[in-house]
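*Asks:* what's the 3D shape of this:
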Amino acid sequence: MIKVLITGSPRAGTSFLVNLLNTQDNCVFLRDSFVAIFRACPRIKTFTEVLPIKTKNILLFSLKAEMTKFGRNELNNLQSDQFTTLEELFDLAMGLFVNDSTKVFGVKICEEENWIETLLKETNMKIIYLVRDLRDVLLSSANAFADFDKNHYSKKWFQGITEALRIIDPRLLIVRFEDLILTPEKELERLSDFLGIPLVANIKELKDVSGADWVDNSSFHDVEKLFDPTSAYRWKDLLESEIVIFGSFMYRKIMKKLGYDENKLSFFKRLKIRIIRFKELTTGIIHSLLFWRFGRKITRSFKQRRRSTDCLNDDYKKIEDAKSLLAKLQLVVKRPVMTYNDARDVFQTTRTLCATHLETFEEEED
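*Replies:* Numbers count the residues shown, from 1 in each chain. Okay, here's the model as predicted:
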């Protein structure tokens, strides 16, 4: 059985590709599943490392909780003594979703480019990296995410595709979303050769892993058919959009390398973006300096307060010790008959009390 990881930036069309493959025969792909295997323990950087029992328990708990959110209970009976590495856990969990007729099994998780090189070296897994025009990714993200920030999403897009382009391996395939939409027969032929199974483009509706009809998740809600060209190159209808102008200016070289059309900006638009970027950069530097300066003051003030508190606690303890010694001394002195041991206790107690007061006095003098 062939194992596959589908990854890419958010809003790049990865869900569309997953359900397109789920509609084919002998394919099982889970969407946004097994995320815990890759992210629950960030310190794990290898798929073949023998895991301690605590780490295995954390992974299993996170994985079960994640699948429960999707209404899946197939993993409830998994135990930590059934696996020793991440690869064994992945294979074990995968086996609960496939049958004898399954030839390709995979999961789709966005932004897992940091795992690509490790998976290619340590496992026999194949990886499909889906890329989309940055301008369309930003437009779709602006409609889909309340915390949208064009700088953050463009940077993540750049980091992901840069890592994918850096690695040259026959088990890594980079697919453009636009090619999948506009020339599905050609791209499915590439995917068919890559996966080693026949794939057809002549389908009417997409299915999810459960076999139910897949509801389109376009953030624009205007897709009317399966391979609708409307979803490709939306930015060309929004040339004056601030997001499109920003996307056209950022990472132009790598966009050109990927074969995307260039949106030639006027001198004043390029100058405007440079000024905005300069302001953002200088603002970030100023904020960092202010946080550093005030952070030092706060830290110094906290340390001084903590030292003062420690001194007060020490003084309070010495006072309490002195009170207890005086009480003990009074009890001994009030006895009608003093034995040799009683006299020795009085002497030792008095010496300790004097030494305590002398130490406190010397500290105050210093």
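
*Asks:* neighbouring contacts of whichever strand or helix holds Phe16?
*Replies:* Using DSSP states H and E, Phe16 maps to helix 14-22. Residues outside helix 14-22 that contact it (C-beta atoms under 8 Å, 6 or more residues apart in numbering): 6-8, 27-31, 104, 106, 108, 110, 128, 130, 175, 177, 180, 191, 199, 203, 206-209, 214, 217. Bear in mind the C-beta positions are built from the backbone N, C-alpha and C, glycine included.

*Asks:* and what of stretch 86-101?
*Replies:* 1, 3, 26, 28, 30, 34, 37, 44, 46-49, 51, 56, 59-60, 63, 74-75, 78, 82-83, 105, 122-123, 209.

*Asks:* now the buried members of these.
*Replies:* 3, 26, 28, 30, 34, 37, 44, 47, 51, 56, 59-60, 63, 75, 78, 83, 105, 123, 209 (16 or more other C-beta atoms under 10 Å).

*Asks:* these in helices, which ones?
*Replies:* Here DSSP state H is the test, and the buried ones among the contacts of stretch 86-101 give 37, 56, 59-60, 63 as lying in helices.

*Asks:* tabulate these in a markdown table, adding columns for distance to Ser266.
*Replies:* A markdown table is the format used below for these (distance: C-beta to C-beta, whole Å):
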| residue | distance to Ser266 |
| --- | --- |
| Ile37 | 48 |
| Lys56 | 58 |
| Leu59 | 53 |
| Leu60 | 57 |
| Leu63 | 52 |
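
*Asks:* nearest to Asp237 among those?
*Replies:* Ile37 (40.1 Å; C-beta to C-beta).

*Asks:* and that closest one, how close does it get to Leu30?
*Replies:* Shown here: Ile37 relative to Leu30, a distance of 11 Å by C-beta to C-beta, to the nearest Å.

*Asks:* again with Gln159
*Replies:* Gln159 is 25 Å from Leu30, by C-beta to C-beta.

*Asks:* just give me the neighbour total for the closest residue to Glu224 other than its chain neighbours.
*Replies:* Leaving out its chain neighbours, the residue that sits closest to Glu224 by C-beta to C-beta, 6 or more residues apart in numbering is Thr230, at 7.5 Å. Neighbour count of Thr230, defined by other C-beta atoms under 10 Å: 14.

*Asks:* again with Ile285
*Replies:* Ile285 - counted by other C-beta under 10 Å - has 10 other residues nearby.

*Asks:* who's Ile6 bridged to?
*Replies:* Ile6 has these beta-bridge partners by DSSP bridges: Lys108, Ile128.
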